[in-house]
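A.B. asks: Structure of the sequence below:
(one chain, ligands or ions: 1)
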Amino acid sequence: MIFIYLKRVQKQRTKISTMDEIITVESLQYDFSFIRAATDNFSDKLGEGGFGPVYKGTFPNGQEVAVKRLSKESSQGEVEFKNEVLLLAKLQHRNLVRLLGFCYEREERLLIYEFVPNSSLSNFLSDNTKRALLNWGSRYNIIYGIVRGLNYLHEESQHRIIHRDLKASNILLDAAMNAKISDFGTARLFASDQTQADTSKVVGTYGYMAPEYVANGHFSAKSDVYSFGVIVLEVVSGQKNRSFHVGEDVADLRTYAWQNWNQGTALNLIDPALRGGPSDMIMKCIHIGLLCVQEDEASRPTMASVGAMLISSSASLPQPSKPAFFMESTGIRDTSSSLEQNSESTESDQSNATNGHSSRNEASITEPYPR
Ligand SMILES: Nc1ncnc2c1ncn2[C@@H]1O[C@H](COP(=O)(O)OP(=O)(O)OP(=O)(O)O)[C@@H](O)[C@H]1O
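C.D. replies: The predicted model follows:
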């Protein structure tokens with residue numbers, strides 16, 4: 001026991017700090033007893049997601065961690081599991097939650113992440129007091145951070161990674177309110193031929209999933225782009241997609257944004273807490289959000305294009321086409337809400353494509369923002 005403890009302290013002292021350092025499975029592996037001690041026997045639960053509960057822990061050197069205790073459905077073999085963890089641990093970017101290690105012992109599969117202190121974007125959007133604290137500068141910084149993190153996953157990292165479950169609760173916020181994408185690649189740790197109904201829950205979340213993913217399990221980088229578009233509309237409106245309302249009416253965020261865009265009243269979408277913010281920039285974000293949620297997958301921009309659109313002051317963006325799940329009038333529930341009742345977060349883990357190189361949606365015509 002003492003030996004194990006010392007071994008772990010030693011590991012913490014020599015923790016991986018640069019991309020050039022060689023990360024091995026051995027350098028990532030932790031003993032269950034060590035993690036149990038670090039989490040005070042799993043006593044401080046941060047929350048629970050589709051993969052299992054998450055606990056706060058502190059290593060002997062003071063480093064704070066979040067420990068995800070994977071549910072038993074993670075039936076992957078040891079070698080496969082370790083290979084996946086190794087791959088994910090090598091993905092390092094300031095806008096991704098860093099995977100620090102894992103534990104694989106008997107029934108236990110634990111993932112150890114850096115602790116991100118400011119909870120999630122979802123948490124901020126659901127709480128009126130917290131939301132009011134998010135000025136436009138913070139919101140833009142969050143949006144831009146997601147773009148960078150996602151672009152890294154899609155194009156810059158060694159391995160092309162499709163997130164598949166991007167949503168506001170998977171955007172964690174650090175002490176300086178920078179966005180850190182969590183749960184990337186976690187679905188890879190579950191066997192792809194899972195048939196258990198609740199296992200499919202972990203792969204996507206209704207309301208954020210692209211239509212082609214909902215319809216036939218087809219996912220690509222463009223399905224992540226779709227989910228990103230929903231998040232952008234949420235950030236601008238200050239409302240969650242799932243509970244979006246206008247006055248008394250429950251509406252669909254995407255439809256509401258699209259209708260107002262076409263009617264030249266897109267300002268209606270903006271969170272009143274952002275009054276006085278730079279309307280051109282906010283409007284540009286609505287425009288980008290709508291481009292990302294277009295029904296036609298090929299018309300959605302890549303994350304690299306989104307990054308360019310955001311930083312260019314003279315970007316001329318194409319007009320968005322109809323988003324998926326478009327309804328003729330607001331105030332009517334999304335026609336697919338029956339799906340929502342049955343599966344809060346569903347989609348089968350059946351990919352028939354992981355190629356994100358669909359055609360780029362290049363900017364062409366300069367269009368003034370409707371007001
Ligand atoms: N690295 C972390 N640092 C701090 N809190 C975290 C970390 N990872 C997860 N959490 C918190 O733990 C809780 C559960 O997270 P988890 O990612 O498992 O589920 P989720 O995102 O809520 O749902 P889902 O599994 O459907 O994505 C959330 O409240 C989340 O904010």
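
A.B. asks: so what's the backbone phi/psi at the closest residue to the ligand within the chain?
C.D. replies: Here the chain gets closest to the ligand at one residue, Gly49, 2.0 Å apart by C-beta to the nearest ligand atom. Heads up, the C-betas are built off the backbone N, CA and C, glycines and all. Main-chain torsions, Gly49, degrees, to the nearest 10: phi -120, psi -170.

A.B. asks: now swap in Val235 and tell me
C.D. replies: phi -60, psi -40.

A.B. asks: contacting residues around the closest residue to it other than its chain neighbours?
C.D. replies: In space, and not counting its chain neighbours, Val235 is closest to Arg139: 5.0 Å by C-beta to C-beta, 6 or more residues apart in numbering. Arg139 makes contacts with Val235, Val236, Leu274, as judged by C-beta atoms under 8 Å, 6 or more residues apart in numbering.

A.B. asks: so what pLDDT did Arg139 get?
C.D. replies: At Arg139, the model reports a pLDDT of 98.

A.B. asks: With Gly47 instead?
C.D. replies: For Gly47, the predicted pLDDT is 94.

A.B. asks: One more: the one 3 residues further on?
C.D. replies: With respect to pLDDT, Gly50 scores 80.

A.B. asks: Then Ser337?
C.D. replies: pLDDT recorded at Ser337 is 31.

A.B. asks: what about the stretch 51-200 of the chain, any weak spots by pLDDT?
C.D. replies: Applying pLDDT under 70 to the stretch 51-200 of the chain flags residues 73-76, 187-200.

A.B. asks: The same query, at a cut-off of 80, please.
C.D. replies: Judged by pLDDT under 80, the stretch 51-200 of the chain has its weakly predicted residues at 72-76, 158, 185-200.

A.B. asks: So which residues of it form helices?
C.D. replies: Secondary structure of the stretch 51-200 of the chain (DSSP state H, counting those that start in this stretch): helices at 78-89, 121-126, 128-133, 136-151.

A.B. asks: Redo these as TSV? Include distance to Ser243.
C.D. replies: What follows is the helices of the stretch 51-200 of the chain, written out as TSV (distance: least, C-beta to C-beta, whole Å):
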stretch	distance to Ser243
helix 78-89	32
helix 121-126	8
helix 128-133	13
helix 136-151	18
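
A.B. asks: Tell me where this structure has strands.
C.D. replies: 45-49, 52-58, 64-69, 99-105, 108-114, 171-173, 179-181, 245-246, 249-250 (DSSP state E).

A.B. asks: what's the neighbour count on Val225?
C.D. replies: Val225 has 27 neighbouring residues, counting by other C-beta atoms under 10 Å.

A.B. asks: In the stretch 251-371 of the chain, where is pLDDT below threshold?
C.D. replies: 251, 314-315, 324-371.

A.B. asks: at 50 instead, please
C.D. replies: Residue ranges of the stretch 251-371 of the chain with pLDDT under 50: 328-371.

A.B. asks: What segments of it are helices?
C.D. replies: With DSSP H, counting those that start in this stretch as the criterion, the stretch 251-371 of the chain has helices spanning 253-263, 279-292, 303-311, 337-342.

A.B. asks: can I get the ones you listed in CSV with distance to the ligand and mean neighbour count?
C.D. replies: Formatted as CSV, those follow (distance: least, C-beta to the nearest ligand atom, whole Å; neighbours: other C-beta atoms under 10 Å):
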stretch, distance to the ligand, mean neighbour count
helix 253-263, 19, 22
helix 279-292, 20, 21
helix 303-311, 20, 19
helix 337-342, 14, 12
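
A.B. asks: closest to Phe34 out of those?
C.D. replies: Among the helices of the stretch 251-371 of the chain, helix 303-311 comes nearest to Phe34, with 37.2 Å by C-beta to C-beta.

A.B. asks: what's the angle between the closest one and helix 136-151?
C.D. replies: Here helix 303-311 runs at an angle of 160 degrees relative to helix 136-151 (axes from the mean of the first three to the mean of the last three C-alpha atoms, to 10 degrees).

A.B. asks: by contact count, what packs against helix 303-311?
C.D. replies: Packing partners of helix 303-311 (3 or more C-beta pairs under 8 Å, 6 or more residues apart in numbering; DSSP states H and E): helix 136-151, helix 221-237, helix 279-292.

A.B. asks: Top of the contacts of Arg139 by number of neighbours, please.
C.D. replies: Val235 (28 neighbours).

A.B. asks: so it makes contact with Ile143?
C.D. replies: Yes - contact criterion C-beta atoms under 8 Å: Val235 and Ile143 qualify, at 5.9 Å.

A.B. asks: who touches both of the two?
C.D. replies: Common neighbours of Val235 and Ile143, using C-beta under 8 Å, 6+ apart, are Cys285.

A.B. asks: Run through the residues of the stretch 101-250 of the chain sitting next to the ligand.
C.D. replies: Taking C-beta under 6 Å from any ligand atom, the part of the stretch 101-250 of the chain that reaches the ligand is made up of Tyr113, Phe115, Val116, Ser119, Ser120, Asp165, Ser169, Asn170, Leu172, Ser182, Asp183.

A.B. asks: residue contacts, the fourth one?
C.D. replies: With contacts taken as C-beta under 8 Å, 6+ apart, Ser119 has the following neighbours: Leu172, Leu173.

A.B. asks: again, only using 7 Å
C.D. replies: The contact partners of Ser119, by C-beta atoms under 7 Å, 6 or more residues apart in numbering, come to Leu173.
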